[in-house]
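Quick one: sequence plus predicted model below, questions after.
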Amino acid sequence: MKINNLLIHLHNSVDAFTLKPRHLDLIGGLLPDTRITVAEGNRDFLEKLPEADCVLAWVFKPAWYEGAVKLKALFTPAAGHDWVAADPTGRVRTFYGRFHGRIMRESLLAMMLHFNRQVGKSLEDQKNRVWGRLDYNENVALFSQRVLIVGFGSLGQSIAGLLKAFGAKITAVKRDTAGFEDNPDVDRMITFDRLEEELPYADHVVFVLPGGAETDGIFTSRHFSSMKPGAYLYNLGRGNCYREEDLVRALNDGPLAGAGLDVFADEPLGDTSPLWKLPNVLITPHSSAISREYIDLFIQEWLGILRRL
């Protein structure tokens, strides 16, 4: 795909999500015949939009397509459709980021090892100068455990690849399993209606589901009750798939031994949430994808798509 006028609007409150001069140097070197413009804000972006045939942006509203008369393709780092809407007419091709798994799977692995290797206890012992070597006999290795991944898009597939390398047994849950039966990183592939059958066997249950009405509250108190005693739950997708009160109950009264949570139904997580005070919960502030390499990976993916187009 040949680009004549590239318009970039990649400002973000998270610095790692913001375009840097080195990124512009890279793009300019690879696309020497392309006019590259970096918008200074929304107003500047909208003023320059009519001349652009390709856009890199964090935000793009449906009404903006009407003024984007030359636009052929829109690329966003975001995996979800929260901030960038697809063109309702279908004229402009919209591409969403699929690179996040390489970062987020490491965040998940850190959470899993935190619980499996009792890292919290180690930090507490270090603070109190306690040599508690005899208290680690219940540590467990991933290669002896089963991981249930709920949601098997690009993120779920990336997670499966990493955990399989550690020797974990992987069960993946997907709405439509067609074409995924022979995935080498998956031991078992099931549809969501069979989830309750698998929950009693999973040591770790990982949610990487998108938001929206289709996933709202789909994991119920009945599902929590079906989980294996001593299992751990992780959520790196969206926080709407279960109710917080059901999760808290499962953490306080069982069967859950703990949870690693990066996303919540309401963000930031309110200071009155009981999750803050639970000792068996690890909370990260929707940061599982934050990394210095974020925009680098986005640009690599974008350039790869351009070459294929």
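Nice, I can see it.

Number of residues surrounding residue 125?
Applying other CB atoms under 10 Å, we find 15 residues neighbouring residue 125. C-betas here are computed from N, CA, C, even on glycine.

looking only at pLDDT, what's the mean for whatever helix or strand residue 171 lives in?
Using DSSP states H and E, residue 171 sits in strand 169-173. On average, the pLDDT along strand 169-173 is 97.

How about residues contacting it?
By CB atoms under 8 Å, 6 or more residues apart in numbering, the residues outside strand 169-173 that reach it are 145-152, 156, 160, 163-164, 180, 183, 185-192, 195, 198, 201-202.

hmm, try it at 6 Å
146-150, 152, 160, 164, 186-190, 192, 195, 198 (CB atoms under 6 Å, 6 or more residues apart in numbering).

I would like a ChimeraX command selecting only the buried ones among those residues, please.
Here is the ChimeraX command that picks out the buried ones among the contacts of strand 169-173, judged by 16 or more other CB atoms under 10 Å:
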select :146,147,148,149,150,152,160,164,186,189,190,192,195,198
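
Which pair in the contacts of strand 169-173 has the greatest spatial separation?
164 and 192 (21.5 Å; CB to CB).

circling back to that earlier point, okay, now the sheet partners of the strand holding residue 171, with direction.
Sheet pairing of strand 169-173 (DSSP bridges) gives strand 146-150 (parallel), strand 188-190 (parallel).

need the contact list for residue 234.
108, 111, 206, 260.

one more time with 8 Å, if that's ok
108, 111-112, 204-207, 259-262.

before we move on, what about residue 99?
297-298, 300-301.

again, only using 10 Å
77, 79, 154-155, 158, 289, 293-294, 296-302, 304 (CB atoms under 10 Å, 6 or more residues apart in numbering).

ok, now residue 190?
148, 152, 171-174, 177, 197-198.

Farthest pair within those?
Pairwise over those, using CB to CB, the maximum falls at 152 and 197, 16.8 Å.

In helices, which of the contacts of residue 234 fall?
With DSSP state H as the criterion, helices contain 108, 111-112 from among the contacts of residue 234.

May I ask which of the residues you listed has the most neighbours?
residue 108 leads the ones in helices among the contacts of residue 234 on contacts (other CB under 10 Å) with 26 neighbours.

these two touch, right, it and residue 204?
Yes: applying CB atoms under 10 Å as the test, residue 108 and residue 204 come out as touching, 9.0 Å apart.

Spell out which residues are contacts of both of these two.
147, 149, 163, 234, 260.

Under the pLDDT cut-off, which ranges of the stretch 101-250 of the chain? List them.
Residue ranges of the stretch 101-250 of the chain with pLDDT under 70: none are present.

Break down this protein into its helices, ranges please.
Going by DSSP H, the chain shows helices at 21-30, 42-48, 101-116, 119-128, 154-165, 195-198, 221-226, 244-253, 294-308.

In JSON lines: these, plus distance to residue 9.
Below are the helices of the chain laid out as JSON lines (distance: least, CB to CB, whole Å):
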{"stretch": "helix 21-30", "distance to residue 9": "13"}
{"stretch": "helix 42-48", "distance to residue 9": "5"}
{"stretch": "helix 101-116", "distance to residue 9": "22"}
{"stretch": "helix 119-128", "distance to residue 9": "40"}
{"stretch": "helix 154-165", "distance to residue 9": "24"}
{"stretch": "helix 195-198", "distance to residue 9": "40"}
{"stretch": "helix 221-226", "distance to residue 9": "40"}
{"stretch": "helix 244-253", "distance to residue 9": "34"}
{"stretch": "helix 294-308", "distance to residue 9": "13"}
